[in-house]
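1. no FASTA, just this:
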């Protein structure tokens with residue numbers, strides 16, 4: 001089967017766009033009922049946990065999220081006492097965000113719940129399907145990481161590396 005480059009790209013795009021809804025339906029729906037945080041807020045917590053302290057702009061850059069969306073997530077997380085704003089000691093105009101102890105503990109618990117729910121679902125697969133899923137997820141992760149690195153090299157407004 002000789003597909004044209006355009007056909008191949010169209011199929012790749014279609015497959016990638018279908019991944020998120022499939023993941024949401026097959027693996028994460030039950031998890032949403034266990035937390036009042038939406039996925040965007042969880043992504044914000046995760047990136048802050050990974051980098052310890054980030055400015056609002058850095059969070060937006062790392063998550064490819066507009067600053068008003070970052071602000072909305074941060075405001076909600078502050079109300080939940082999961083993050084706190086701090087001023088940059090070198091430039092008081094810069095507001096940094098860091099996790100509170102409560103935020104770190106709650107995020108780790110949510111991540112553990114997600115992991116357990118996903119494990120239960122994956123354990124239902126036979127050995128061959130698990131092997132195929134492992135290989136496929138590793139390959140997709142590798143390729144998307146390479147794509148992200150290529151894009152990051154063209155972006156100069158993020159200070160810290162991903």
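-> Okay, I see it. From a predicted model like this one, the values you see are computed outputs, not experimental measurements. Residues are numbered from 1 along each chain as shown.
2. only C-alpha atoms for contact and neighbour calcs from this point on.
-> Fine.
3. spatially central residue for the protein, please.
-> residue 43 (4.2 Å; C-alpha atoms, centre = their mean).
4. ok, residue 35 touching residue 109?
-> No - using C-alpha atoms under 8 Å, residue 35 is not in contact with residue 109; the gap is 10.3 Å.
5. picking up where we left off before, residues contacting the residue nearest to the residue nearest to the centre of the chain when sequence neighbours are not counted?
-> Residue nearest to residue 43 in three dimensions, not counting chain neighbours: residue 63, with 7.6 Å by C-alpha to C-alpha, 6 or more residues apart in numbering. Contact analysis of residue 63 by C-alpha atoms under 8 Å, 6 or more residues apart in numbering lists 43-44, 47.
6. returning to what we had before: name the residues of the helix or strand harbouring the residue nearest to the centre of the chain that are buried.
-> For residue 43, the host element (DSSP states H and E) is helix 39-51. By 16 or more other C-alpha atoms under 10 Å, the buried positions in helix 39-51 come out as 41-42, 44-49.
7. cool, and stretch 53-66?
-> Residues of stretch 53-66 classed as buried by neighbour count (16+ other C-alpha under 10 Å): 53-62.
8. first-to-last residue distance for it?
-> Start-to-end span of stretch 53-66 (C-alpha to C-alpha, to the nearest Å) is 18 Å.
9. run the chain-centre distance for it.
-> Chain-centre distance of stretch 53-66: 12 Å, with C-alpha atoms, centre = their mean, to the nearest Å.
10. quick one: low-confidence ranges for the chain?
-> Across the chain, residues meeting the criterion (pLDDT under 70) sit at 1-2, 26-33, 150-162.
11. domains in it, as residue ranges please.
-> Domain ranges of the chain: 31-118, 125-155, per automatic domain parsing.
12. do a quick rundown of the helices in this protein.
-> Here the chain has its helices, by DSSP state H, at 5-23, 29-32, 39-51, 56-63, 67-79, 101-123, 127-152.
13. most packed of those helices?
-> Greatest average neighbour count among those goes to helix 56-63 (a mean of 20), per mean count of other C-alpha atoms under 10 Å.
14. redo the contacts of residue 63 as JSON lines? Include distance to residue 131.
-> Shown next, in JSON lines, are the contacts of residue 63 (distance: C-alpha to C-alpha, whole Å):
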{"residue": "43", "distance to residue 131": "28"}
{"residue": "44", "distance to residue 131": "31"}
{"residue": "47", "distance to residue 131": "29"}
